[in-house]
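In: sequence first, predicted coordinates after that:
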Amino acid sequence: MLKFDIKKKNSLARVGVIHTPHGDIKTPAFVGAATRATVKALTMQEMRELGSQAILANTYHLILRPGIDLIREAGGLAEFCSWHGPTFTDSGGFQIFSLPHAKISENGVKFKSHIDGQNFEITPESSMQAQWAIGSDIHMAFDHLAKSESYEDMKAAMVRTHRWLDRCVKEHQKMTMDNRKSSFEGHPQSLRGRSDEPREDGREERPEKEVFGNHPEQYLYAVVQGGTFNDLRAESARYCASKPVDGFGIGGVFTADGMDEMLKIVNSILPENKPRHLLGMGQEPIDLFIGAEFGCDTFDCVGPTRMARNGSLYTLDGRINIKNAKYTHDFTSLMPDCDCECCKNYNKAYLHHLFKTDEITAKVLASIHNEYFIVHVVDQIRESLAQDTFADYKKQFLSRYYQKSATV
RNA sequence: GCUGGAAUCGUCUAGUGGCAAUGACAAGAGACUGUAAAUCUCUCGCCUUCGGGCUUCGUAGGUUCGAGUCCUACUUCCAGCA
C-alpha cells in the first residue's frame, strides 16, 4: 500500500507526504505534465531546479512512441527521461475522450495511431500492463469520460469506468504478485532494469524473465467520474472508495465552476488516509486553491507550459500576453518578486523580442517561468495550510490575480 | 539610344473585361485546463445606423454598360543589343 502521511488537516484540506519508491512528494503539490516523457521545452534538470517534485506521463502517448518495450528496456520511465523522482502515468483514458476516431466497446478502445495509421487497442488490462512496463510509481485506472454533458452519457461513462476499474484492480494485483514473485526468485538485477556491471561477453545485460518497470512496488489510483452531476459523483466516489486501491484520481473536471461543491461531496466520501489527484486541473490558480481547500493532494495540468509556449505568462496581477506591442520597450522584469531563472535574468522587452522572432529560447524561458509560478503557488498553498494562513493567502492572491476580470 | 519585359495593400505574390481585388509573410488582438497544440481563431484601404457607402492596382488620357486586366503617351525599374 502506498504510504501517505497526513501532517495536518483543516476540514477537507490537508498537508501531507506521499512516499513513493522514487522519493517523497510533499502535498499539496503540482505535478508537471510530461505527456511524452518530457515537459515540453524544459529539461528534467530545469524541472527539478524550478522546484517540481513529480512528473506525470501519458500511457497512450508512450505506447505510440517510443513504445513501452523501449521504456522497459531503458529501465523504466524515470531512468529513461532522467527524472530520478516520483512519477505518475495517466492511463490513456483521457484520449478516448479527446481523440475523434476512437471506437469504444466494453472491452476497451480501438483507435488508429494518429502518427502512422497503425491499429491499436487499449483495454483496462493492457493499460495496467503498459503502466507497469513504463514503471511509474502511481498508475491511473483506465477510465471513460463522457462524450456529452447529458446525464445519461455521464452515468453510462461512470458505470463503465467502474466496471473497468474492477478489471484494472484485478490486473494490477496480478502484476503486483507476478512482480513480487520474480523478485523473490532472485532477479534483483532485472528489477533495477540495467546492470551496472558489464557482462563478460560484452553483451548488454538483459533480464531473462519478464519484469515490469524498474522497481517492484507500483501503485494504482481509481478514477472518480460523474461529470457535473453531484449524485453521480457521490456514487462514483463510494464505488471507488470500496476498492483496494492506493489513491484516487478525480477526472472529467474542466472548470472551477461548481468544483468546490463537487469536491466537498467526493472527498468527504473518499477515505481520508489515501491521496487524491485532481486530474488535469491547474491552468487557473483558482483551480489549485479550490482543489487544495477541498481535499485534493496533487494536481497536473498542461496549461502552464502550453500557455508559456503561446506567450501567455502568469503574473501576480493575472496573465499577460508577452507578444503584445506594449511590451516592446518594457525593460522591467516580468515579475520582480519571482525567483525563477527567467525573471531573475531577463526583462519583458527581451522576452517580447524572443517571441516576436520565434526563438526557441522564448518558449524555454516562458515555460520555466509558468511552471515555476504554478508549482510555487501550490507550494505556498501548502505552507499556508501548514501555518493556518490559507484563508488569508487565498483571499490576497485571488483578489489581486483576478482583479482585472472582476472589475470588467 | 534601340528592342523586349515589368510596375497590384508594409513585403513578396494571384489576377487577361464584372474585384475592394488571391495566397504567403509581416503587423494587431484573442483563445488554450488528465497535450494529435512550437497550435488554433479573428482583424488587417477609409467610413459605416453593419443594409451599405467611398476611394483604390506607377501617372495621365482613351475604348467599353463595365478596365488591375484592352489602346495611347509619359515615368521608373529589369534584361539584351549598342
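Out: Right, received. Where do you want to start? Numbering: from 1, shown residues only, chains lettered A, B, ... in the order given.

In: for A:Asn10, give me its contacts.
Out: Shown in contact with A:Asn10 (C-beta atoms under 8 Å, 6 or more residues apart in numbering): A:385, A:388, A:390. Backbone N, C-alpha and C define where each C-beta goes, glycine included.

In: out of everything not next to it in sequence, what's closest to the first one?
Out: This points to A:Leu385. Spatial nearest neighbour of A:Leu385, chain neighbours left out: A:Val15 (4.9 Å); criterion: C-beta to C-beta, 6 or more residues apart in numbering.

In: pull out the buried positions in the helix or strand where the one you found lies.
Out: For A:Val15, the host element (DSSP states H and E) is strand A:13-20. Within strand A:13-20, the residues scored as buried using 16 or more other C-beta atoms under 10 Å are A:13-18, A:20.

In: as a markdown table, those residues with distance to RNA strand B and pLDDT would be great.
Out: A markdown table is the format used below for these (distance: C-beta to the nearest atom of the strand, whole Å; pLDDT from 0 to 100):
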| residue | distance to RNA strand B | pLDDT |
| --- | --- | --- |
| A:Ala13 | 19 | 98 |
| A:Arg14 | 21 | 98 |
| A:Val15 | 22 | 98 |
| A:Gly16 | 21 | 98 |
| A:Val17 | 23 | 98 |
| A:Ile18 | 17 | 98 |
| A:Thr20 | 18 | 96 |
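
In: beta partners of the residue nearest to A:Leu385?
Out: When bridges are called by DSSP bridges, A:Val15 pairs up with A:Lys8.

In: just A:Ile25 next, same as before
Out: Beta-bridge partners recorded for A:Ile25 (DSSP bridges): A:Ile18.

In: how much space between it and RNA strand B?
Out: Counting by C-beta to the nearest atom of the strand, to the nearest Å, the separation of A:Ile25 from RNA strand B is 17 Å.

In: tell me the contacts of that residue?
Out: A:17-18, A:31, A:53-54, A:86, A:298.

In: ok, it to A:Ala102 distance?
Out: Distance from A:Ile25 to A:Ala102, counting by C-beta to C-beta, to the nearest Å: 32 Å.

In: for RNA strand B, give me its nearest residue in the stretch 151-300 of chain A.
Out: A:Gly280 (2.3 Å; C-beta to the nearest atom of the strand).

In: helices of the stretch 301-408 of chain A, residue ranges please.
Out: A:303-309, A:341-345, A:348-356, A:360-386, A:390-401, A:403-407 (DSSP state H, counting those that start in this stretch).

In: you'd agree A:Glu371 is up against A:Thr305?
Out: Yes: A:Glu371 is within contact range of A:Thr305, at 6.1 Å (criterion: C-beta atoms under 8 Å).

In: what about the two, which has more around it?
Out: Neighbours per residue, other C-beta atoms under 10 Å: of A:Glu371 and A:Thr305, the larger number sits with A:Glu371, 27 against 24.

In: list the contacts of the more buried one.
Out: A:Glu371 neighbours (C-beta under 8 Å, 6+ apart): A:32, A:39, A:42, A:47, A:50, A:52, A:304-305, A:308.
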